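>>> Below is the sequence, then the predicted model.
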Protein chains: 2
Amino acid sequence: MTKTRRRGTELEEAILRAAADELAEAGYPGLTMERVAQRAGTNKNAIYRRWPNRAALGVAAYRHLAADTLEPPDTGNLRDDALGLLRAINCGQTSPAARVLRGLLTGVGDEPQLREQLHQQAAEGGTKPWLAIVERAVARGEARPGARHPRVATVALVLLRNEFLTRGLTTVDDDVLVELVDEVYLPLVGA
Amino acid sequence: MTKTRRRGTELEEAILRAAADELAEAGYPGLTMERVAQRAGTNKNAIYRRWPNRAALGVAAYRHLAADTLEPPDTGNLRDDALGLLRAINCGQTSPAARVLRGLLTGVGDEPQLREQLHQQAAEGGTKPWLAIVERAVARGEARPGARHPRVATVALVLLRNEFLTRGLTTVDDDVLVELVDEVYLPLVGA
DNA sequence: GTCATTAAGGTACGGTCCGTACCGTACCGT
DNA sequence: ACGGTACGGTACGGACCGTACCTTAATGAC
């Protein structure tokens, strides 16, 4: 009856999975050490032996949550590529991550290490596919070479993220995505 | 010796000023009902009679904090106008507001009324000056007419805000501002 | 197989903060 | 003068973080 007592990596991953689930369900404000411990079938001691505080656990668990890297679409034209990426971010599994990210950015407060870690996770996963579709668009003569600048290539992503952050929504109207692409992104990167 | 007991509006404004000060000093996570009450020279009862919870008080106090509307500069060319606006937002009195806004967006959580209120405050104060400088640029033939679209005109603001939100900094390097204007904003709105 | 070491489980506690309740007291209009 | 309203003071329950302490199971050395 008594399941063998978990140790080391096995327990650690159980905790991270529990924390990621709690994050997805209740967001960072609802991430409680006691609930995570209970959900992982352990107690707070096991958590505090691995992470110094709630924020650190949150950042670590966020990595599990946002692990999916988007596969950049290749439709043959920039407009559909960009719209595809935005829609994947909007409707896909990435949407609960936005709320969590917002909470974490507040929760990390004045701890530069955590903030940097979080920023890299947020940036890394997001920029690569945009650079990819722009690169192809430039090769087709559909975009100007200067559009390969990361700040330019990811403008649509930043605008959508801003929509998430300021409106607090988990999903944005598709009209908005089309507007972002047609009114801003294509005029900006177009040849 | 005994100061006369404040009532109604007078007390309300004292509370709001105290809350705004606390917000500016410690951000939303540091906004404590007990500290606000003490700073305002009253007690929590007077606060809870006016606002139902901490988030509502925070949003109300934020209005006091972000009341300053930026005066749009008029330098005669779009680049300097845009840079001036960004620098005013970056270095000026508005910078603590970014950290506060980030915290509030988390704190309001699932209360749509507060979120909408906050969103309007954040949007309203920010878009007007951008529309103004773009309007003048269009009149000079320096920007294309389509740039008057709010989403286009405020792109630089959104990018800067994204920098605040994701990096968690209270001030951004001036190089970044220049980059935003030269690499993104001017190519986007230029004729 | 024995045993010391390590890490897990269990529980309790101090501290902070939110939100509520209760009660006495100053101010206000009538 | 008087009664209603709003303020001041205080205490409390509840949630949660982070820590301490002790017991118990697993592991590795010998």
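Right, received. Where do you want to start?

>>> which parts of the helix or strand of chain A with the lowest mean pLDDT are buried?
One helix or strand of chain A scores below all others by mean pLDDT, DSSP states H and E: helix A:95-107, with a mean of 74. Buried residues in helix A:95-107, counted by 16 or more other Cβ atoms under 10 Å in any protein chain shown: A:Ala97, A:Ala98, A:Arg99, A:Val100, A:Leu101, A:Arg102, A:Gly103, A:Leu104, A:Leu105, A:Thr106, A:Gly107. Just so you know, the C-beta spots here come from the backbone N, C-alpha and C atoms, and that holds for glycine as well.

>>> now the closest residue to A:Ala56 other than its chain neighbours: how far from A:Asn45?
Spatial nearest neighbour of A:Ala56, excluding adjacent residues (Cβ to Cβ, 6 or more residues apart in numbering or on different chains): A:Leu114 at 6.2 Å. When distance is defined by Cβ to Cβ, to the nearest Å, A:Leu114 is 22 Å away from A:Asn45.

>>> Please apply the same query to A:Leu83.
Using Cβ to Cβ, one gets 49 Å for the distance from A:Leu83 to A:Asn45.

>>> try A:Trp130
Separation of A:Trp130 from A:Asn45 (Cβ to Cβ): 43 Å.

>>> re the thing from before, can you tell me if the least confident helix or strand of chain A touches chain B.
Yes - counting by Cβ under 8 Å from any Cβ of the partner chain, chain B is contacted by helix A:95-107 at A:Arg102, A:Gly103, A:Leu105, A:Thr106, A:Gly107.

>>> can you put these in CSV and add distance to A:Ala56?
As requested, those are exported to CSV (distance: Cβ to Cβ, whole Å):
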residue, distance to A:Ala56
A:Arg102, 18
A:Gly103, 14
A:Leu105, 14
A:Thr106, 15
A:Gly107, 10
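
>>> Can you narrow the residues you listed down to the ones near DNA strand C?
Applying Cβ under 7 Å from any atom of the strand, the subset of these adjacent to DNA strand C is empty.

>>> about what we covered before: what number of residues lie near the residue nearest to A:Ala56?
A:Leu114 is flanked by 22 other residues according to other Cβ atoms under 10 Å in any protein chain shown.

>>> The longest helix along chain A near DNA strand D anywhere?
When chain A is parsed with DSSP state H, its longest helix is helix A:112-139. No - using Cβ under 7 Å from any atom of the strand, helix A:112-139 never reaches DNA strand D; the gap is at least 11.8 Å.

>>> Now tell me what touches whatever helix or strand comes next after that helix from outside.
Reading on from helix A:112-139 to the C-terminus, the next helix or strand found by DSSP states H and E is helix A:150-153. For helix A:150-153, contacts defined as Cβ atoms under 8 Å, 6 or more residues apart in numbering or on different chains pick out A:127, A:130-131, A:134, A:146-147, A:188-189, B:159, B:179-180, B:183-184, B:187.

>>> Closest one to B:Ala37 out of those residues, please.
Among those, B:Leu159 lies closest to B:Ala37 (Cβ to Cβ), at 39.1 Å.

>>> Run the chain-centre distance for whichever strand or helix holds that closest one.
Following DSSP H and E, one finds B:Leu159 within helix B:155-167. Helix B:155-167 sits 12 Å away from the centroid of its parent chain (Cα atoms, centre = their mean, to the nearest Å).

>>> The next helix or strand after that helix - what's its average pLDDT?
For helix B:155-167, the following helix or strand on the C-terminal side (DSSP H and E) is helix B:174-179. The average pLDDT within helix B:174-179 is 94.

>>> buried set for helix B:174-179?
Result for helix B:174-179 [16+ other Cβ under 10 Å]: buried residues B:Val176, B:Leu177.

>>> Off-centre distance for that helix?
Computed by Cα atoms, centre = their mean, the chain-centroid distance of helix B:174-179 equals 20 Å.

>>> Show residues contacting that helix.
The set of residues external to helix B:174-179 that reach it, using Cβ under 8 Å, 6+ apart, is A:Arg151, B:Leu83, B:Leu86, B:Arg87, B:Asn90, B:Leu160, B:Glu163.

>>> Flag every residue of chain A that's near DNA strand D.
So far as Cβ under 7 Å from any atom of the strand goes, chain A lies against DNA strand D at A:2, A:4-5, A:7, A:31-34, A:44-45, A:48, A:52-55.

>>> Cool, thanks, talk later.
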